[in-house]
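>>> Make a model of this:
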Amino acid sequence: MFTKQQSIESDLLETVPNLANRTTLQQLIAKNGGNSFSEEQLAAIRFPMNTHLRIIAGAGSGKTQTICAKAAYLVLERQVDPKAIMMCTFSRKAKLEMEARINQYLGGHTKIAVQTFHGWFNAEYNELTSQMPHLKQWGIEGVIDEEQYYQGINQLIKKYRLYNFDKFEERTIASRISYWRNMGYSDQAMVEFVAKYFDAKELIPNQKLSDIFQQFLAELAMLKKAQRFITFDDMLFNLKLILENDATARQSLQKKYRYIFIDEFQDINPLQKQIVALICPPDKATSKKISSKLIIVGDDDQSIYYFRGAEPNYIKEFEQEYQQTSLQLMTNYRSDAPIVAAGNRLIQQNAHDRLAKRMTAKESASQHDCYGLSFSDDEQEASWIGEKIQELAQQTPLSDGSPDYRDTMVLYPTRIQLRSLLKQLTKQKIPFVTPTNDDLLGIFGLPLFKTLFQQLTLLDSATSMQQKNEALKTIIQQYAFYHYIKFGASAQFSEALFRKNKFKINDLVAFLVSERKLSQASQDQAKEFFKQIYLFYQRKYLNLGALAEALLATPKFKKDLSEEEVDWLRHELSSAGDWPGLLSAFQQASQQNKGMKKRLNDYDQEKLNAVYLLSIHASKGLGKKNIFIKGVYQDALPNHHAVKKADCDLQKAKEEAAPPTTIEEQRRLMYVAITRAKENLYITFPKTINNKSITPSPFLKEAGVSIKDYSKAASIVDS
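Have a look, this model is predicted:
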């Protein structure tokens, strides 16, 4: 448990505040719709800021209203200049919510700045370089243009023939650079990592990848300077370089703010943290007085973005760097007591990897649902979800008598959960919205198949023999990669192969056998794969059922896909039948994705009555009356890549730009999903998928929710 400093304890706990203080609080309460603040919230609002402040805010604890009230309190009660306050958060939606709340408390337009990290740092960079033009020597000056950046990346990949590295382990060069940059690494550090981990992979024949990558990065930097474009990552890195290398600029920013609020601090990445530390330096180990104070808010239990560099350790270890006081907001105003209890039981399993704390529900009694359900298969699961959504929507009809779907959200751990759900919602005529991304593209969003499909599309659309042969070479190399054959070896082989007038499928299989000891069954599948590719190359004919079996027999597909994904890919390819059928399926998925953009925009503006379908990762910060968590079983949540944190070499993973998926983070993901629910929580899973038995997620038992076997109940009714 956290302790309050004795020197401020009496101030925080006084029962009769002075007249001025009471007047300020009464103003804030009036602006808060007449709703009083809890003692926890008042302690944070009135904290005298003689140290930095860490507010550990549990799910549904009213942290946004609390920190916004605190900012208003500083202005109204402490007479702090609004321009001396910066409030920073991560998303535009959170920024707008904070702005609205601040304006509400201060009675209209305020001069308190509320920004996203990108907005804040971009504004500081522009102001500093405007006042001191010589600062432009640090980093790369330019206009943020992500589209031009990716075009430049692709041009240089082609020039330096870095195709193999761009596809290696399904991580693009652009994604690796972005990850490394957000970890705060320089170009030189990136080159060193490539030398350390990738040179031995022989991704470029007869050359060191690190040497080529160094040239690639140097020319990319020249291209940015010449054409004056940068990325959001570059902009942050530019500011970091300025503050590290120019004392005047650094001191200017350090004196600019008295109070810096950072919301969702558990989501901060190393680069962002490094910049914050340059603006407001750690003072734990120094006697130097710092003019600004940090007010960080967050919850390490809701840290779920490790894959993009977020480090929950930063909020946990804040006290080791800053002279600070820690306060808690642990009363949950969002969720009913059974939901809060389930979240507590689950997250306590992370005791070795979290700050000790426990949420308390505001309301102890509940007449609502909180349980799990098992179903015979995912079709029955999706059908029941649709029926239950209809039932709940009809309990609270709109003014015209139609069902109200807006209070319902269905969360899912992986894109495969959407397959049966979309089918059932469409069948039951339930309107829905979901963000437009690879999730809506079905199997075309699976990274391994996505890459092959792109090459087949290039082969199909080729207008010259050279283009056809380049696409075919890439497919050959990709298939070799599915057998874990080094790109250097496959590139050298394919180049030699295409210098011949003719070659046979047996030549390709013989190469695979020379690199890997393949069983006879594997050799037969390889022959089938190349037979299908040859037919497609010659006559645009493709037997997708046979192609699926050949792909799924490769070691890479066996390792990277879950059993459910394997069955899904097999079923979808067999159903498509041939190339025209596959193209039709892709066009249909793409059209659905495109049409969803407008629907989602209407939903966000409250113009559309619909159910919200969302990945759990995208749901943080949201809450709905009715929450369904679909597909909570082993290999989905936790997913089949998850490993214990203690078993990972985390530094190696960072240097490879390959952050691991840990059991601990997957548990936090489940915790986030549970705590989105206000009243009704339904956690569902099928007992079989494609007639194969599956294991329920261990998180169900850890959360202690009761499980109802719907398949048995349904069979009794049916009989």
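>>> Domains of this protein: list them as residue ranges, please.
Here the domain parsing of the chain from automatic domain parsing is 6-125+246-333, 143-227, 340-431+609-718, 445-585.
>>> Where does the prediction get shaky in the stretch 151-300 of the chain?
Within the stretch 151-300 of the chain, no stretch has pLDDT under 70.
>>> where do the helices sit along it?
163-167, 173-182, 187-197, 209-227, 232-245, 247-256, 270-279 (DSSP state H, counting those that start in this stretch).
>>> As TSV, the ones you listed with distance to residue 426 and mean neighbour count would be great.
(Each C-beta comes from the backbone N, C-alpha and C, glycine too.) Compiled in TSV, these are given as follows (distance: least, CB to CB, whole Å; neighbours: other CB atoms under 10 Å):
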stretch	distance to residue 426	mean neighbour count
helix 163-167	35	21
helix 173-182	33	20
helix 187-197	46	17
helix 209-227	45	17
helix 232-245	37	21
helix 247-256	53	15
helix 270-279	41	20
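>>> Which positions in stretch 108-115 come out as buried?
Using 16 or more other CB atoms under 10 Å as the test for burial, stretch 108-115 gives 110, 112, 113, 114, 115.
>>> ah, wrong one, I meant stretch 55-69
In stretch 55-69, counting by 16+ other CB under 10 Å, buried: 55-69.
>>> now, which of those residues sits nearest residue 81?
Checking these against residue 81 with CB to CB, the nearest one is residue 68 at 17.3 Å.
>>> that older thread, can you list the domains of the chain in a markdown table and add distance to residue 234?
As requested, the domains of the chain are exported to a markdown table (distance: least, CB to CB, whole Å):
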| stretch | distance to residue 234 |
| --- | --- |
| domain 6-125+246-333 | 10 |
| domain 143-227 | 7 |
| domain 340-431+609-718 | 17 |
| domain 445-585 | 26 |
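>>> Looking at the ones you listed, spot the one closest to residue 136.
Among the domains of the chain, the nearest to residue 136 by CB to CB is domain 6-125+246-333 (9.7 Å).
>>> Report the distance from the closest one to the chain centre.
24 Å (CA atoms, centre = their mean, to the nearest Å).
>>> Please pull out the lowest mean pLDDT helix or strand from this protein.
helix 6-13 (a mean of 37; mean pLDDT, DSSP states H and E).
>>> Of all the residues in stretch 392-408, which ones are buried?
So stretch 392-408, judged by 16+ other CB under 10 Å, has buried residues 392, 393, 403, 404, 405, 406, 407, 408.
>>> again with stretch 117-131
117, 118, 120, 121, 122, 124, 125, 128, 129.
>>> Next up, the contacts around the first one.
Read it as residue 117. Applying CB atoms under 8 Å, 6 or more residues apart in numbering, we find residue 117 in contact with 88, 89, 90, 236, 272.
>>> tell me the two of those that are most distant?
Farthest pair in those, by CB to CB: 89 and 236, 15.5 Å.
>>> on that earlier part again, the buried residues of stretch 117-131 in helices, which ones?
117, 118, 120, 121, 122, 124, 125, 128, 129 (DSSP state H).
>>> could you dump those to CSV with distance to residue 219 and pLDDT?
Shown next, in CSV, are these (distance: CB to CB, whole Å; pLDDT from 0 to 100):
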residue, distance to residue 219, pLDDT
117, 29, 93
118, 26, 92
120, 31, 96
121, 26, 95
122, 25, 93
124, 29, 96
125, 24, 94
128, 28, 96
129, 25, 95
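>>> No more questions from me, cheers.
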